[in-house]
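J.: everything below, folded, please.
(chains A and B)
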Amino acid sequence: MNRVAIVGVGCSRLGSTSRDVSYREMIFEAAVKCYEDAGGIHPQDIDAFVASSEDFMEGISIADEYVPDQLGAVLKPVQSITGDSLQGLASAMMHIQTGQMDLVVASSFSKASNVQHYENVVSYACDPVTVRPLGENPYFIAGLEMQRYLYETGTSEAHCAQVVAENKYNALFNPLAVYGAKTDIEQVLASPQLFSPLKYQDIAHHADGAVVVLLASERKARELAKKPVWIKGIGWATDTPNLDSRQDGWGDAVYARLAARQAYKMAGITSPRHEICFAEIDDTFSYKQLQHLEALNICARGEAGKLLCQGEFSRQGGFPVNMSGGSLGVGYLHEANGLYKLAEVVWQLRGEAGRRQLDGVKTGLAFAWRGIPTATGVAVILSNLE
Amino acid sequence: MSNRQYIQGGIGLSEDDIQQGKVFFAEDSLNCRYAWDMGVAIERYLRELKNGRIIAKSCNECRRIMVPPRMFCELCFRPSDDWVFVQDTGVVNTFSICYVNWDASRIKPGETPHLPAVIEIDGASKGMGIMHRLGEVDPKDIKIGMRVKAVWKPAEERTGAITDIKYFKPYQEV
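T.: Below is the predicted model of the structure:
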């Protein structure tokens, strides 16, 4: 199989708002940083571009047509993936694996602050006949998931609260993160009940920002990059959309289990906890990080909360998770969530993660979930080893 | 696959079933609002429209004068350079005579058709300009290459929108 490397990463400033720039100007910043990071290449030299977006988030139909200018992709092959940006990454990677292309961009952005009725957008993702007539705020889906996950695994609300405290603390070391804070289990548990057992602090707040990543064939990577980071494995899966019959999918993140299996197989990983050094894992809601850790086979079911409280997933632990601060600390970046997590893994593997740098890391995992009401996840294994 | 059976047996609806309300209805109205950040370039563009003038931005590499203005040149992929005012006159690049309204209804007999047109603005680079509409013109007199000029709303009615220009009308240079 043709090997593919990440040779450039660019991230715009992130913020709870971004009133000073349009989405075009914001993406331009990320693209310029990405192309500079890849040694100052001009987008004329890039073969194709893959963007990830959802029309309803932007308020523009066929939003993919608005992609080219800010990436330097005018009159170039461009396509959009409606999904998390790691699904877009998978597509970009396949472009290169055809052997026809050497350089392909994956990009995504969030103007979450511009979406005035996010709940309505999510609600419109629910089945109009079997779910939407109930008239519930769609976050109830997260409440249902959390309830079942805690019930099946014996994980406690305090374990989930510890996820919030750790990730927000980690975010204090990340200059890009928007929601860094010192907080503790008691404060999180005392935050308002919203969709019980889900509380206000269990939910990642939204942020604006853009991420652009440049992928290269092996030949081009050796030419361009001082420190290429190789994509060793990638996998993605989608569970049924039927909320009424997701079977194991309420307590367990089955989509994550399947995505990871595919990625591990491709990367030749049999013992992920030992063969992978660290991870950036979806934590859209606090319980999701624990549920995902278990589904990704980093630990057994019901173990994640306990291991977390023993410090296993902290900077000093055996398997550091979300050193960036995760979505809880960095901010929830809509479809750009996955690419941001990937960018973090790349920075760590290059030794460029600043105050949050981990020592001697060789292989990392990025995992993104597409958010409620979806059951779609993407796992990517990256390594700085040949 | 062991069982290659297609699904059938659903009941098709008649017009009467719907008219008589015999069928399940789920009525819903989409309430999605957006507060788009205009950004540096478009914000200035709209401000100047409110002032009754059209502003562009130049790229000193490809030498284009770009309308509407943008903070980066999408072809050279570099920040754009100077703010430049351009004329409110130009040339029709292309047009259409539209007998159908926005909501797909047909215009009433005697009503003027909609006249959308792309106007290449004087002072901007070839092929660049404003997507707008034509007015004060008999549809059969419209020609590609025809010279036109903006008809502005009175200053007190302008809001900083492309509709601050009412339309472009035929224009003879003196």
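J.: alpha carbons only for contacts and neighbour counts from here, please
T.: Will do.
J.: please report phi then psi for the closest residue in space to residue B:41 that isn't next to it in sequence.
T.: In this structure, residue B:41 finds its nearest non-sequential neighbour in residue B:70, 5.0 Å apart by C-alpha to C-alpha, 6 or more residues apart in numbering or on different chains. Note on residue B:70: its backbone torsions stand at phi -140, psi 150 [degrees, to the nearest 10].
J.: for residue A:327, same thing?
T.: The phi and psi torsions at residue A:327 (degrees, to the nearest 10) take the values phi -70, psi -30.
J.: which pLDDT value goes with the closest residue to chain A within chain B?
T.: Closest contact between chain B and chain A, by C-alpha to the nearest C-alpha, is at residue B:39 (3.9 Å). If you check residue B:39, the pLDDT there is 97.
J.: surely it and residue A:18 touch.
T.: No. Residue B:39 sits out of contact with residue A:18 when judged by C-alpha atoms under 8 Å, with a separation of 9.2 Å.
J.: what about the spatially most central residue of chain B, which SS state?
T.: Centroid-nearest residue in chain B, with C-alpha atoms, centre = their mean: residue B:131, separated by 5.0 Å. What DSSP: H, G, I helix; E, B strand; the rest coil gives for residue B:131 is strand.
J.: what pairs with it across the strands?
T.: For residue B:131, the beta-bridge partners are residue B:118 (DSSP bridges).
J.: can you list contacts of stretch A:376-385?
T.: With contact meaning C-alpha atoms under 8 Å, 6 or more residues apart in numbering or on different chains, stretch A:376-385 is reached by A:86-87, A:227-239, A:255-256, A:259-260, A:263-264, A:267, A:342, A:345-346, A:349-350, A:362-370.
J.: so what's the gap between that stretch and the chain middle?
T.: Put simply, stretch A:376-385 sits 11 Å off its chain's centre (C-alpha atoms, centre = their mean, to the nearest Å).
J.: what comes up buried for that stretch?
T.: A:376-384 (16 or more other C-alpha atoms under 10 Å in any protein chain shown).
J.: need the nearest residue in space to residue A:54, chain neighbours excluded.
T.: Distances taken as C-alpha to C-alpha, 6+ apart place residue A:82 nearest to residue A:54, at 5.6 Å, with adjacent residues excluded.
J.: test my guess that the residue nearest to residue B:41 contacts residue B:42.
T.: Yes. Judged on C-alpha under 8 Å, residue B:70 makes contact with residue B:42 at a distance of 7.2 Å.
J.: comparing these two, which residue is more hemmed in?
T.: residue B:70 (24 against 18; other C-alpha atoms under 10 Å in any protein chain shown).
J.: ok, residue A:118 to chain B distance?
T.: In this view, residue A:118 and chain B are 8 Å apart by C-alpha to the nearest C-alpha, to the nearest Å.
J.: and for residue 161, the neighbour number?
T.: Unless you meant another one, I'm taking chain A. Around residue A:161 there are 24 residues (other C-alpha under 10 Å).
J.: actually it's chain B I care about, not the one you picked
T.: Residue B:161: 14 neighbours (other C-alpha under 10 Å).
J.: please report phi then psi for it.
T.: Dihedral angles (degrees, to the nearest 10) for residue B:161: phi -150, psi 160.
J.: now do residue A:306
T.: Main-chain torsions, residue A:306, degrees, to the nearest 10: phi -70, psi -50.
J.: same check on residue B:168?
T.: phi -110, psi 140.
J.: same question for residue B:98.
T.: Dihedral angles (degrees, to the nearest 10) for residue B:98: phi -110, psi 120.
J.: ok so, going back, quick check: the residue nearest to residue A:54 touching residue A:50?
T.: No. Judged on C-alpha under 8 Å, residue A:82 makes no contact with residue A:50 at a distance of 10.5 Å.
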